[in-house]
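Undergrad: Sequence first, predicted model second:
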Amino acid sequence: MDKYKIFRLTCIFLLWIGLCYIVISSAKQIDFYVIFAVVASGIIVFVPLYKRYVREKKK
């Protein structure tokens with residue numbers, strides 16, 4: 001991967017971490033629904049990126 005792709009992935013990762021922090025810090029208590037929202041958002045964000053950039057590199 002070139003430096004531009006690494007930079008984009010890093011920005012997306014940092015944005016996702018920031019949004020997860022906002023969700024967790026604004027929750028009154030950390031329960032199953034908060035954890036589920038964080039995990040589901042991670043899957044929604046990072047699985048397509050993995051399929052596009054990492055698996056593409058292995059071919």
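TA: Looks like it came in fine. Numbers count the residues shown, from 1 in each chain.

Undergrad: Quick check: buried residues in stretch 42-51?
TA: Neighbour counts over stretch 42-51 (16 or more other Cβ atoms under 10 Å) mark no residue as buried. In short, each C-beta sits where N, CA and C put it, glycine included.

Undergrad: ok, so what distance separates Ile44 from Ile17?
TA: 15 Å (Cβ to Cβ, to the nearest Å).

Undergrad: mind listing the strands in the chain by residue range?
TA: For the chain, no strands are identified by DSSP state E.

Undergrad: give me the low-pLDDT residue ranges for it?
TA: 56-59 (pLDDT under 70).

Undergrad: mind listing the helices for it?
TA: Counting by DSSP state H, one finds helices in the chain at the ranges 3-26, 32-49, 55-58.

Undergrad: now the longest one: how far from the chain's centre is it?
TA: In terms of Cα atoms, centre = their mean, to the nearest Å, the centre of helix 3-26 is set 6 Å apart from its chain centre.

Undergrad: That helix vs helix 32-49, what angle?
TA: With axes from the mean of the first three to the mean of the last three Cα atoms, to 10 degrees defining the directions, helix 3-26 sits at 170 degrees from helix 32-49.

Undergrad: who does helix 3-26 touch, helix- and strand-wise?
TA: Applying 3 or more Cβ pairs under 8 Å, 6 or more residues apart in numbering; DSSP states H and E, one finds that helix 3-26 makes contact with helix 32-49.

Undergrad: Who are the packing partners of the helix it packs on?
TA: helix 3-26.
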